[in-house]
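Undergrad: the sequence and its predicted three-dimensional model are supplied below.
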Amino acid sequence: MNFKKLLINQIAKWMIGRQPLAIPGAVEVEPTRVLVICYDAIGDFILSLPAIARLREMYPAARLELVCSRRNERLAASVAGIDECHVITLNDTLLSAGMWCKLRELRHRQYDMVINLFDEPDDIAMAKLLFLANGRLQSLPLRFKSEAQQRVLPLFNQKATIVSSRPIREHFVYRMLSVTGDQTHVPVTIPSPCNEQLDTHAYGPYLLVNLTGSQVGNSMVDQQINGILAQLPVYPGVSYLVFSKRPLACQRQDMTALFPDTILDAAKIIKDARGVISTDTSIIHISSSFGVPTLVLMNNESWRDAFIPLSGRNIILRSTTDNLSALSPVEISRQVDVLMTL
């Protein structure tokens, strides 16, 4: 560990040590103001929506607020039943005066309950969570983030009420639902927010294609992308829209590249598609939430099982390795034909 990381870890430990112990019985009081800490990634945020909806049902009279990342701000602000959203970066940020002012403001609101759905915080994020909760934090058991995080984890667990959770390898949706008392009867998906004002009629009938993700394990190199795009079947009257910031090297009359201005615009384009072909989990879960037939392209890493859509009309095509390069353009094309029959 370098000096900077060691210093941050010591600051986190000092901050956590200054926070009050978990308040006994705090969860038994009928809350009037609840704050929910949400995941940073877009796809994970979508998978947290059933838990957020269930919390709204459990506390119908409470004011329900969210903490989210900048990338989820538009989505969070569009979730039904949410009274206010707060954008705060949790991981990897220490020296931001504006962030600490926001944390102090939220702490002074004195929430009856702060519920943490973000189970992969680093050491300084753990300190922030406890700081704003002021003894009223309910948290999922935290997953391993780093050795530095693990050093302060026992102290964190003294200051938070840790809820019982399903095993990490079980599906992410049910893990998030653990904070509601493991209510597995709750629907496993709810429609994603989207920009209903966006008119997609000009595109005509289309299939949406997204072959880039936020990680090495769900992205493809340009050569593979071009090979797949060239191989996709031709359907009379149906075009392909490809999410891409760059012009396509594959030149086809039935194929157009576009990149939505916002995630809400992207969600509307996904909602109105005849089908979706994607490697990225955010696209996949938005598509599944609307019941759009989806071809999910995944590698063979076992932890990704927890992110396979639980509902909708889906085809799962998995690579034989941890790299998507093993997927055949011919097999993908064949599965697109199957997708069109769903």
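TA: Sure, I can see it. Numbering: from 1, shown residues only.

Undergrad: low-confidence ranges, the stretch 201-342 of the chain, go.
TA: For the stretch 201-342 of the chain, not a single residue meets the criterion pLDDT under 70.

Undergrad: which residues in it form strands?
TA: 206-210, 239-243, 255-258, 275-278, 294-298, 314-318 (DSSP state E, counting those that start in this stretch).

Undergrad: output the ones you listed as JSON lines; include the columns mean neighbour count and distance to residue 23.
TA: To be clear about C-beta, it is placed using only N, CA and C from the backbone, and glycine gets the same treatment. Formatted as JSON lines, these follow (neighbours: other C-beta atoms under 10 Å; distance: least, C-beta to C-beta, whole Å):
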{"stretch": "strand 206-210", "mean neighbour count": "24", "distance to residue 23": "45"}
{"stretch": "strand 239-243", "mean neighbour count": "20", "distance to residue 23": "46"}
{"stretch": "strand 255-258", "mean neighbour count": "16", "distance to residue 23": "50"}
{"stretch": "strand 275-278", "mean neighbour count": "25", "distance to residue 23": "44"}
{"stretch": "strand 294-298", "mean neighbour count": "24", "distance to residue 23": "42"}
{"stretch": "strand 314-318", "mean neighbour count": "17", "distance to residue 23": "43"}
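
Undergrad: measure the residue minimising distance to the centre of the chain to residue 120 for me?
TA: Among the residues of the chain, the one closest to the centroid is residue 44, at 1.8 Å (C-alpha atoms, centre = their mean). Distance of residue 44 to residue 120, given as C-beta to C-beta, to the nearest Å: 9 Å.

Undergrad: list the contacts of the closest residue to residue 92 other than its chain neighbours.
TA: Distance criterion C-beta to C-beta, 6 or more residues apart in numbering; nearest residue to residue 92, sequence neighbours excluded, is residue 122 at 6.5 Å. Contact analysis of residue 122 by C-beta atoms under 8 Å, 6 or more residues apart in numbering lists 90-92, 145-146, 148-149.

Undergrad: ramachandran angles for residue 122?
TA: phi -80, psi -180 (degrees, to the nearest 10).

Undergrad: follow-up on the earlier one: now the strands of the stretch 201-342 of the chain as CSV including distance to residue 56?
TA: As requested, these are exported to CSV (distance: least, C-beta to C-beta, whole Å):
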stretch, distance to residue 56
strand 206-210, 30
strand 239-243, 31
strand 255-258, 34
strand 275-278, 28
strand 294-298, 27
strand 314-318, 27
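
Undergrad: which residues sit against stretch 194-204?
TA: 78, 237-239, 241, 256, 262, 264-265, 267-272, 286.

Undergrad: swap in 6 Å and give it another go.
TA: For stretch 194-204, the external contacting residues (C-beta atoms under 6 Å, 6 or more residues apart in numbering) are 264-265, 267-269, 271-272.

Undergrad: equivalent analysis for stretch 277-294, please.
TA: With C-beta under 6 Å, 6+ apart, stretch 277-294 has contacts from 42-43, 46-47, 189, 191-192, 209-211, 213, 218, 267, 270-271, 273, 275-276, 295-297, 307, 309, 312-314, 339, 342.

Undergrad: can I get the CA coordinates of that stretch in PDB?
TA: Output of stretch 277-294 as PDB, limited to C-alpha atoms (Å, rounded to 0.1, in the frame of the first residue of the first chain):
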ATOM      1  CA  ILE A 277     -28.500  -7.400 -28.800                       C
ATOM      2  CA  SER A 278     -26.100  -6.300 -26.100                       C
ATOM      3  CA  THR A 279     -23.100  -7.100 -23.900                       C
ATOM      4  CA  ASP A 280     -23.700  -4.300 -21.500                       C
ATOM      5  CA  THR A 281     -25.700  -5.100 -18.300                       C
ATOM      6  CA  SER A 282     -27.400  -1.600 -18.100                       C
ATOM      7  CA  ILE A 283     -28.800  -2.100 -21.600                       C
ATOM      8  CA  ILE A 284     -29.800  -5.700 -20.900                       C
ATOM      9  CA  HIS A 285     -31.700  -4.800 -17.700                       C
ATOM     10  CA  ILE A 286     -33.500  -1.800 -19.100                       C
ATOM     11  CA  SER A 287     -34.500  -4.000 -22.100                       C
ATOM     12  CA  SER A 288     -35.700  -6.800 -19.800                       C
ATOM     13  CA  SER A 289     -37.700  -4.400 -17.600                       C
ATOM     14  CA  PHE A 290     -39.800  -3.500 -20.700                       C
ATOM     15  CA  GLY A 291     -40.100  -7.100 -21.900                       C
ATOM     16  CA  VAL A 292     -38.200  -6.500 -25.100                       C
ATOM     17  CA  PRO A 293     -36.700  -9.700 -26.600                       C
ATOM     18  CA  THR A 294     -33.000  -9.600 -25.700                       C
END
